[in-house]
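J.: Give me the fold of what follows.
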Amino acid sequence: MIEFRNRIDEVLRGVVTIPEHSAGKGVIFLQGLERNATVEKKFRRLADALAEKKVPSLRFDASGCGLSEGDFSRMTLEKRGEELLAALDAFKKEIRANKVSFVGHSLGMCPIAPLLEKLEPVIDKMVFIAPALNQKELLRYYYAQDKMAADPAVEITWDNYRQYIDEDNFLSHCRSGKMLKENLLRPPYFLEAKNLDYSGSFEAMKNNILHVHGDSDKRVPLQSLNAEFPHRIIVAGGDHDLEHPEMWDQWFPHAVDFLAWS
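T.: Have a look, this model is predicted:
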């Protein structure tokens, strides 16, 4: 277990997996919106597999999630980015390595995008798992789904959601916040993210990125990305989590090898 603090002095906690003989680099796992990196199945399995290849890792929970202190409702991408930097600093002290890879699920990779210039000397590789980089359109897609949820005759898809968008009502929605599956999320996140599309932010590093996505992901449709990466695995029948046994073999061994190779 590792503990460190964010800028407003909340205690953040994570699980460090350190093999007996380290490979001289490490991996940090970044959670999705309401997820807990410390216990997420895909992250635990990746951490164990990487340890067998002598690669240490950190699974830390952002503020208001899992083992960490804080108020989830006040989450923003900027705050998660600040916490990522604090986690990186704490992890580097633990493993004494200068190169770190990042593995992010869904929203997890968004906080890295504005920090790329600062992080570029440190980053080894990145694995994007169902990346929700196009926040601008995904927020409108979710808004349309919520708006039409009471009408069973209408199924909102990536192909039709735009026809159900009233931009003024959408902006009003952003200013009021939202109750998610488990947590209230206040307006600052929505107002921050409503015009952000990070799809093209990683162009300069695309050769060091592995993109993994399910072709049946309804939460973050593959079509939401406005970029293509040369290293890509499209999981047949894959959902948003990609943890079903039939999905593992399609991407898991490749992700481990991608991260472990020099």
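J.: okay, CA-based contacts and neighbour counts for the rest of this
T.: OK.
J.: Low-confidence regions, the stretch 101-250 of the chain specifically.
T.: Counting by pLDDT under 70, the stretch 101-250 of the chain contains no low-confidence segment.
J.: which stretches of it form helices?
T.: 116-119, 135-147, 167-176, 187-193, 245-260 (DSSP state H, counting those that start in this stretch).
J.: quick one: buried residues of the third one?
T.: Going back to what we said before, that points to helix 167-176. Residues of helix 167-176 classed as buried under the neighbour-count rule (16 or more other Cα atoms under 10 Å) are 170, 174.
J.: residues contacting the nearest residue to residue 141 once chain neighbours are set aside?
T.: Sequence neighbours aside, residue 161 is the residue nearest to residue 141 in space, at 5.8 Å (criterion: Cα to Cα, 6 or more residues apart in numbering). Contacts of residue 161 were listed using Cα atoms under 8 Å, 6 or more residues apart in numbering, and they are 140-141, 144-145.
J.: okay if I get the residues you listed as TSV plus distance to residue 167 and neighbour count?
T.: Compiled in TSV, the contacts of residue 161 are given as follows (distance: Cα to Cα, whole Å; neighbours: other Cα atoms under 10 Å):
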residue	distance to residue 167	neighbour count
140	9	21
141	12	24
144	11	22
145	14	19
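J.: Of these, just say which sits nearest to residue 183.
T.: Proximity of the contacts of residue 161 to residue 183 (Cα to Cα) peaks at residue 145, which lies at 18.4 Å.
J.: Neighbours of the closest residue to that closest one other than its chain neighbours, how many?
T.: Here the nearest residue to residue 145 in space, its sequence neighbours aside, is residue 156; by Cα to Cα, 6+ apart that works out to 5.7 Å. Here the count is done by other Cα atoms under 10 Å, and residue 156 has 20 residues near it.
J.: In contact with the most centrally placed residue in the chain, which residues?
T.: Among the residues of the chain, residue 108 comes closest to the average C-alpha position under Cα atoms, centre = their mean, at 1.6 Å. When contacts are counted by Cα under 8 Å, 6+ apart, residue 108 is found next to 30-33, 131-132.
J.: of all the helices of the stretch 101-250 of the chain, which lies closest to residue 18?
T.: With Cα to Cα as the criterion, residue 18 lies closest to helix 245-260 of those, at 14.0 Å.
J.: thinking residue 35 is in contact with residue 63, fair?
T.: No. Taking Cα atoms under 8 Å as the definition, residue 35 is not a contact partner of residue 63, at 11.2 Å.
J.: ok, back up a step: tell me which of the contacts of residue 161 is nearest to residue 114?
T.: Checking the contacts of residue 161 one by one against residue 114 (Cα to Cα), the nearest turns out to be residue 140, at 21.7 Å.
J.: Can you verify my assumption that the closest one contacts residue 166?
T.: No. Between residue 140 and residue 166 there is no contact under Cα under 8 Å: 9.4 Å.
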